[in-house]
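**Q** I would like the atomic coordinates for the input below:
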Amino acid sequence: GIRSIADIQATARAYLASHPAPAGQLQFFSGYDDSLLQEKRHPTRADLDAVSATVPILLMHASGHLAVANSAALALAQISRATPDPAGGHIQRDPASGEPNGVLEETAGLPFMALIPQPDQAERLRRFDAIQMWWASYGVTTAQDGLSNAGNLALLREAGRQGRLILDVVSYPFYRVLGELSSLDARAASKAVIHAPGRDPRAISGARAASEAPISSMVSNAGREFASGAQAEIPPPADGDTANKLEVGVYRHHLKIGGIKLTGDGSPQGKTAYVSQPYSSPPPGQGADYRAYAVMNQKEVNDWLAFGYRNNIQIITHTNGDAALDQLLEAVRLARASYGAKDLRPVAIHAQLARHDQVDRMKELGIVPSFFSAHTYFWGDWHRQSFGEARAAGISPTGYAYGRGVIFRSEEHTSELQSHSDLVCRLLLEKK
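**A** Predicted structure coming up:
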């Protein structure tokens, strides 16, 4: 296994030796975890330059929220000393020179996404077939793509057209790529790229006005019909025909767009979760007042939640830290005040550092927390170091939520499928 930065270097060297790459093509590696490395730190550009000074290398953190690039990769992405931190991200730098040290947090790593080599469509479909069979072998019949980009959605649609979707798949397009998604299937002419679930009232005799239309999450969440058998009569936006927009809440060939995905902050193990009180152990180079940062500002979150409530579309939002969750709570409050207390069931994804008062407010506002309970099994001791005993003991407050009658779900760790693990994992795992 990988236990040190030297192990990472040896593994990368061996792969590059056996898989020669075209000159200038980015080589992508994934899954390192600084909390498990002997050095208890991230690799740097210097560590990866020791693997290759000429081959661009990108190494993704296990959380998906941080990445490390060598000098060749930074040059390929045009990231230099002069590159400012992007909104919602941070380029770690050498304190003496100001040069990027290779570690890229959150949105700072986005320029690399378009540079990662992709297999052709036929190979992607073949791999997707194998993944579906693996999930189905465990009895899973519905899967979610919780951060869809245009390429993923195109692949899912093609799999559906070819009859290769054996699972029901629910897609949540990432808010940053909705403009990109609008170009799929000749939809570029439409101003609105997504529309509310339900039938087009122009095809329904005596359709009621939008203000009178019944709203139910059973369409957007289940994609079938109401329990009574009637569907919502919700008109699409007035700026284009339904056929020119992405259809929400309806299965087509086992694929459904469930809503829109927002990302409010980063990860607690990567120390980029946006919190209201400082980290007990901040990352290197950060002061004692370090609380990380928001990926989206309050106005952005407000605007997207207003869009969702205005158009009856479910919004799911990545909120690990309690400060990021505060943003979501405020946005939902404002949206409900403007458009009514619709049963759209916005989701607070992970909600690991949710405070008890926030759990109470989520119940009041109809927000469904999706606690990452299994996270404590893998990173419980790391959370102790990052947040101190009191906050670590309260991570993923499922017991409190259950006692308050809050509807919530509990997530499994994405590296394993063990349906019982949440029932037996304990708060702290002292890694041996």
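**Q** show me where the stretch 301-432 of the chain has strands.
**A** Under the criterion DSSP state E, counting those that start in this stretch, strands of the stretch 301-432 of the chain are mapped to 314-319, 347-350, 368-371, 409-410.
**Q** mind checking which of the ones you listed is nearest Gln78?
**A** strand 314-319 (27.1 Å; CB to CB). No exception for glycine: its C-beta is placed from N, CA and C like everyone else's.
**Q** contacting residues around the closest one?
**A** With contact meaning CB atoms under 8 Å, 6 or more residues apart in numbering, strand 314-319 is reached by 146, 172, 217, 220-221, 258-265, 295, 301, 304-305, 308, 324-325, 327-328, 344-351.
**Q** one more: stretch 48-62?
**A** Under CB under 8 Å, 6+ apart, the answer for stretch 48-62 is 8-9, 12-13, 16, 21, 23-34, 42-43, 66-73, 75-76, 102, 112, 115-116, 269-270.
**Q** coming back round to it: want to throw the strands of the stretch 301-432 of the chain into CSV with distance to Asp94?
**A** CSV is the format used below for the strands of the stretch 301-432 of the chain (distance: least, CB to CB, whole Å):
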stretch, distance to Asp94
strand 314-319, 30
strand 347-350, 32
strand 368-371, 38
strand 409-410, 41
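**Q** averaging pLDDT over each of the ones you listed, which comes out lowest?
**A** When the strands of the stretch 301-432 of the chain are ranked by mean pLDDT, strand 409-410 comes last with a mean of 86.
**Q** show me what it is packed up against.
**A** With contacts taken as 3 or more CB pairs under 8 Å, 6 or more residues apart in numbering; DSSP states H and E, strand 409-410 sits against strand 368-371.
**Q** looking at the contacts of stretch 48-62, which are in helices?
**A** Assigned to helices by DSSP state H, the following of the contacts of stretch 48-62 qualify: Ile8, Gln9, Ala12, Arg13, Leu16, Ser71, Ala72, Ala73, Ala75, Leu76.
**Q** which of these lies closest to Ile91?
**A** Relative to Ile91, and with distances defined as CB to CB, the nearest of the ones in helices among the contacts of stretch 48-62 is Ala73, at 13.0 Å.
**Q** my read: that closest one touches Phe112, true?
**A** Yes. If you go by CB atoms under 8 Å, Ala73 and Phe112 touch, sitting 7.2 Å apart.
**Q** where do the contact lists of those two overlap?
**A** Joint contacts of Ala73 and Phe112 (CB under 8 Å, 6+ apart) are Leu26, Leu58.
**Q** doesn't Gln144 lie inside a strand?
**A** Yes. Assessed with DSSP: H, G, I helix; E, B strand; the rest coil, Gln144 lies in a strand.
**Q** what separation do you get for it and Pro173?
**A** The gap separating Gln144 from Pro173 is 12 Å, by CB to CB, to the nearest Å.
**Q** more neighbours: which of those two?
**A** Pro173 (25 against 16; other CB atoms under 10 Å).
**Q** still on that earlier bit, buried subset of the ones in helices among the contacts of stretch 48-62?
**A** Buried subset of those (neighbour count, 16 or more other CB atoms under 10 Å): Ile8, Gln9, Ala12, Leu16, Ser71, Ala72, Ala73, Leu76.
**Q** for those, which one is nearest Arg161?
**A** Leu76 (34.7 Å).
**Q** for the stretch 1-150 of the chain, just list every one of the strands.
**A** 27-32, 57-61, 66-69, 89-93, 100-106, 142-148.
**Q** list the contacts for the nearest residue to Val406 once chain neighbours are set aside?
**A** Distances taken as CB to CB, 6 or more residues apart in numbering place Lys363 nearest to Val406, at 4.7 Å, with adjacent residues excluded. Counting by CB under 8 Å, 6+ apart, Lys363 touches Arg404, Gly405, Val406.
**Q** the first one contacts Gln358, correct?
**A** Right, the one you point to is Arg404. No. Using CB under 8 Å, Arg404 makes no contact with Gln358, being 11.3 Å away.
**Q** what ranges does the stretch 301-432 of the chain have for its helices?
**A** In the stretch 301-432 of the chain, the helices defined using DSSP state H, counting those that start in this stretch lie at 322-339, 356-365, 375-393, 398-403, 421-424.
**Q** ranking the ones you listed by burial, who's on top?
**A** helix 322-339 (a mean of 22; mean count of other CB atoms under 10 Å).
**Q** so what touches that one?
**A** Against helix 322-339 from outside (CB under 8 Å, 6+ apart): 264-265, 273-276, 291, 294-296, 298, 301-302, 304-306, 308-310, 317-319, 342, 346, 348, 351, 353-355, 358, 361-362, 365-367.
**Q** which of those are buried?
**A** Judged by 16+ other CB under 10 Å, buried ones among the contacts of helix 322-339: 264-265, 273-275, 291, 294-296, 301-302, 304-306, 308-309, 317-319, 342, 346, 348, 351, 353-355, 358, 361-362, 365-367.
**Q** the bottom helix or strand of the chain by mean pLDDT?
**A** When the helices and strands of the chain are scored by mean pLDDT, DSSP states H and E, helix 217 comes last with a mean of 32.
**Q** restricting to C-alpha, output stretch 15-33 in CSV.
**A** The C-alpha coordinates for stretch 15-33 follow below in CSV (Å, rounded to 0.1, in the frame of the first residue of the first chain):
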residue,chain,number,x,y,z
TYR,A,15,3.4,3.5,-14.2
LEU,A,16,5.1,6.1,-16.4
ALA,A,17,7.8,3.6,-17.3
SER,A,18,5.2,1.0,-18.4
HIS,A,19,2.8,3.4,-20.0
PRO,A,20,4.7,5.9,-22.1
ALA,A,21,2.6,9.0,-22.8
PRO,A,22,2.6,11.4,-25.7
ALA,A,23,4.7,14.4,-25.1
GLY,A,24,2.8,17.1,-23.2
GLN,A,25,-0.1,14.9,-22.2
LEU,A,26,-1.2,15.2,-18.6
GLN,A,27,-0.9,12.0,-16.5
PHE,A,28,-3.6,11.7,-13.9
PHE,A,29,-3.2,9.7,-10.6
SER,A,30,-5.9,9.6,-7.8
GLY,A,31,-6.4,8.5,-4.2
TYR,A,32,-3.6,9.8,-2.0
ASP,A,33,-4.5,10.7,1.6
